[in-house]
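Novice: give me the fold of what follows.
(3 chains)
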Amino acid sequence: MDPFPASFYARSALEVAPELLGHCVVHDPPDVPRRVGRIVETEAYTEDDPAFHGWNARDPETGELQRTSRTADLFGPPGRSYVYLIYGMYWLLNVVTEPDGIGGGVLIRAVEPLEGLAAMRPNRPAAKRDVDLTNGPGKLTQAFGIDDETYHNVPLTEPPLYLARDSEAPTLSIVRSPRIGITKGAERPWRFSVAGHPYVSVKP
DNA sequence: AGTATGATTTCCT
DNA sequence: GGAAATCATACTA
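Specialist: Numbering: from 1, shown residues only, chains lettered A, B, ... in the order given. Just a heads-up that it's a prediction; the model follows:
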């Protein structure tokens, strides 16, 4: 499986998000068995989006979006990670999209574990069944051992953590639906999931 | 099966 | 001061 190159991400999150479905998240650090998950659910966030981080941080004079300490990396070069703490407890994994200087990203919301399940289970003691290992954005970062300390703003185009094109990816039926857990911009159908897949976090 | 609530931190108004 | 791209648990039926 080959990592997607940075150029793959240098366009709108709305194009990248559905194209990632069926392909893989690979985590292969030293001393730990390799973990692989097939992406089954994503969400797109763009600059022109009330749900975008820092949407409210606008210059009162010009209306320009401000790069705040939290959001600056969303405006950086494409193909890098944006790891964000939500509700004080959970890390969410995004990949930065759009050309350098434009803000945008794709949230990885759910994966189906393909490899390294034995290494995921100890990270997810609350998971009673394997489906609970990675069927949510906070769950999959736990299963894969991803936090901001090591994995924020690193390239997702090379080991140890990368997104890879899976030539064996099955043909998919993709569903568009409103994004989960947001209030502003909630009507935009910018969530993409594999139809009927058991690892999708919330039924569309 | 469905609904309600607490945990806990960072950032913006 | 309060909201936030969530999850696990504890209820009710």
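Novice: would you mind measuring from the residue of chain A at minimum distance from DNA strand C to residue A:138?
Specialist: Ranked by CB to the nearest atom of the strand, the top residue of chain A for proximity to DNA strand C is residue A:181, at 1.8 Å. All C-beta spots, glycine's among them, are computed from the backbone N, C-alpha and C. Residue A:181 sits 10 Å away from residue A:138 when distances are taken as CB to CB, to the nearest Å.
Novice: same deal with residue A:176?
Specialist: 23 Å.
Novice: okay, how far is it across stretch A:73-87, tip to tip?
Specialist: Looking at stretch A:73-87, the gap from its leading to its trailing residue is 20 Å under the measure CA to CA, to the nearest Å.
Novice: what residues of it count as buried?
Specialist: By neighbour count, with 16 or more other CB atoms under 10 Å as the criterion, the buried positions of stretch A:73-87 are A:73-84.
Novice: one step back: so for residue A:176 and residue A:138, which sits in the more crowded spot?
Specialist: Set side by side, residue A:176 and residue A:138 show more neighbours around residue A:138, with 17 against 13, by other CB atoms under 10 Å.
Novice: what secondary structure does the more buried one sit in?
Specialist: Put simply, residue A:138 is helix when judged by DSSP: H, G, I helix; E, B strand; the rest coil.
Novice: Provide a list of residues in contact with it.
Specialist: Contact criterion CB atoms under 8 Å, 6 or more residues apart in numbering gives A:86, A:89-92 as the residues in contact with residue A:138.
Novice: need phi/psi at residue A:15.
Specialist: phi -90, psi -40 (degrees, to the nearest 10).
Novice: count the neighbours of it for me.
Specialist: Residue A:15: 13 surrounding residues under other CB under 10 Å.
Novice: and residue A:107, by the same measure?
Specialist: Burial of residue A:107 is recorded as 22 neighbouring residues (other CB under 10 Å).
Novice: middle-most residue in chain A, spatially?
Specialist: Relative to the mean C-alpha position of chain A, the nearest C-alpha, by CA atoms, centre = their mean, is the one of residue A:108, at 2.4 Å.
Novice: surely that one touches residue A:95?
Specialist: Yes. Residue A:108 lies in contact with residue A:95 (CB atoms under 8 Å); the separation is 7.3 Å.
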